[in-house]
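Engineer: give me the fold of what follows.
(chains A, B, C and D)
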There are 2 protein chains.
Amino acid sequence: MVPGGVSLKTVERLTVYRKVLSDLADKGTEYVFSHRLASLASVTPAQLRRDLASFGSFGNVARGYHVRELSETIGRLLGTDSVRNVILIGVGNLGKTLLTYRGFEERGFRIVAAFDRDSEKTDRTFAGRRIYRIDQLESALETLDAHIAILACGPSDLNELVSRLASAGVHHFLNFVPVLINRTPDIFVEDVDISAKLEKLSFIRTNGRAQDEQDE
Amino acid sequence: MVPGGVSLKTVERLTVYRKVLSDLADKGTEYVFSHRLASLASVTPAQLRRDLASFGSFGNVARGYHVRELSETIGRLLGTDSVRNVILIGVGNLGKTLLTYRGFEERGFRIVAAFDRDSEKTDRTFAGRRIYRIDQLESALETLDAHIAILACGPSDLNELVSRLASAGVHHFLNFVPVLINRTPDIFVEDVDISAKLEKLSFIRTNGRAQDEQDE
DNA sequence: CCCTGTGAACCCCTTCACAGCT
DNA sequence: AGCTGTGAAGGGGTTCACAGGG
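Structural biologist: Next comes the predicted model:
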């Protein structure tokens, strides 16, 4: 739960609704009913209505929900109505892939700088972004206005690095490194564990078919 | 829920326990109590015991859990005690990164082949794996014994492709493409939506600090 | 009529707390 | 004493079903 009284599960679904809505807007749809929106987002109509209602009343009984308006409202709730600056730690294969990924911009995120330990890679630019040495972290952050970091580096001393980032004002992490980060009250980590997801699929396959939910 | 009566949440945590256990085994630890194991996995001791107990009784009252034995048991449950073959769809930046990622092998997965639409990329090998043309899908799959696909291709006609894969015996998907796949009873999709996770972090940052859980 | 928003029921998952054992 | 495994309680999230309204 977040102070506003909204569960994180609702927030996760909000991101799905927003994507579906922006697709609908691209197709020129103006209004949509909860049935259709829910079906596109793979949830039940009741759940969709409840999720939205936890933020206020956006629906119109006669026409349903106004696509563009609702999309913008959700954008405001998620804080992606203006662009959010993000930094990248680690410019290996994965880091480079993330730097060239165009999907971030259209969802409101911009990688503004990257950092690496390896001095072979630093002090130059890649895909238009400056790559700093890791020891320039604090000084570079002063001018960057970035508060989310993507961790795509090696596993060694990761927790130490996270503490350093937290001290420098970065408290939110998208973590690709297969290391469990020590949870403290002032840091927020979203893990991306691809192998774990494969293991989950493998379990489902091994233990017969599950007819039901596919959460996330 | 899966037929065995085990919730998918439990399965997700199982993958964490297995990783922690294998790290402990590498350090030579022989036995571990639920307290320590739970702390390393960021769950409560009660939850850990309940999760394990839903598969049987593995603990020893005097010494706790036998690290190597439990790790192997979980591996069997997840179906990763023997290597699982996986295919990759799409050999762009992301696809290439995945092909060179060493983390899969040590968790029991092997990408055995890749497919791409672009004939510039096909009919050669990359990182030791053959890249097939997408229209060779059915014939190649006959000899591959692969039942999980990683989707890292472009978004166009993705649902059609998924149906084709399902017909060819691949029903489990790890999806990196920002497109919602139509859920049918015989396919199982795990989405990796990086932007969605960033949006979630952005929400947490925007709406004050949440002291509590960090699920996944 | 068929929509939205919502109290209330329901259900699943987590946590508590203790019996049984070493 | 301190551990595991588990019945029972508790809490959160989802679904039901309907009031209210165009």
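Engineer: from residue B:202, how far off is the closest residue to residue A:77 other than its chain neighbours?
Structural biologist: Distances taken as Cβ to Cβ, 6 or more residues apart in numbering or on different chains place residue A:55 nearest to residue A:77, at 6.2 Å, with adjacent residues excluded. (C-beta placed from N, C-alpha, C; glycine too.) Between residue A:55 and residue B:202 the computed distance is 16 Å (Cβ to Cβ, to the nearest Å).
Engineer: compare the two (neighbour count), which wins?
Structural biologist: residue B:202 (24 against 16; other Cβ atoms under 10 Å in any protein chain shown).
Engineer: chain A: strands as residue ranges?
Structural biologist: A:31-32, A:59-60, A:64-66, A:84-89, A:109-116, A:124-126, A:129-133, A:148-151, A:172-175, A:188-191 (DSSP state E).
Engineer: among those strands, which is the most enclosed?
Structural biologist: strand A:148-151 (a mean of 24; mean count of other Cβ atoms under 10 Å in any protein chain shown).
Engineer: in its sheet, what does that strand sit against?
Structural biologist: strand A:84-89 (parallel), strand A:172-175 (parallel) (DSSP bridges).
Engineer: what's near enough to touch the residue nearest to residue A:126 when sequence neighbours are not counted?
Structural biologist: In space, and not counting its chain neighbours, residue A:126 is closest to residue A:99: 5.8 Å by Cβ to Cβ, 6+ apart. Taking Cβ atoms under 8 Å, 6 or more residues apart in numbering or on different chains as the contact definition, residue A:99 lies against A:88, A:91, A:111, A:114, A:126-127, A:129.
Engineer: please apply the same query to residue A:125.
Structural biologist: Per Cβ under 8 Å, 6+ apart, neighbours of residue A:125: residue A:131.
Engineer: from DNA strand C, how far off is it?
Structural biologist: Separation of residue A:125 from DNA strand C (Cβ to the nearest atom of the strand, to the nearest Å): 44 Å.
Engineer: and the helix or strand of chain A at the bottom of the mean pLDDT ranking, how far out from the chain middle?
Structural biologist: Using mean pLDDT, DSSP states H and E, strand A:59-60 stands out as the lowest-scoring helix or strand of chain A, at a mean of 94. Distance of strand A:59-60 from the chain centroid (Cα atoms, centre = their mean, to the nearest Å) equals 28 Å.
Engineer: hmm, it touching DNA strand D?
Structural biologist: No: shown here: strand A:59-60 not in contact with DNA strand D (Cβ under 7 Å from any atom of the strand), separated by at least 7.8 Å.
Engineer: taking chain A, what residue is nearest to DNA strand C?
Structural biologist: Going by Cβ to the nearest atom of the strand, DNA strand C is nearest to residue A:59 of chain A, at 2.6 Å.
Engineer: ok, and the closest non-adjacent residue to that residue?
Structural biologist: For residue A:59, the closest residue by Cβ to Cβ, 6+ apart turns out to be residue A:65, at 5.2 Å.
Engineer: burial count for residue A:40?
Structural biologist: 19.
Engineer: where's it relative to chain B, distance?
Structural biologist: Separation of residue A:40 from chain B (Cβ to the nearest Cβ, to the nearest Å) stands at 7 Å.
Engineer: thinking again about what came up before, neighbouring strands for the least confident helix or strand of chain A, and are they parallel or not?
Structural biologist: Per DSSP bridges, strand A:59-60 is paired in its sheet with strand A:64-66 (antiparallel).
Engineer: do the partner strand and DNA strand C meet?
Structural biologist: Yes: applying Cβ under 7 Å from any atom of the strand, one finds strand A:64-66 touching DNA strand C at A:64-65.
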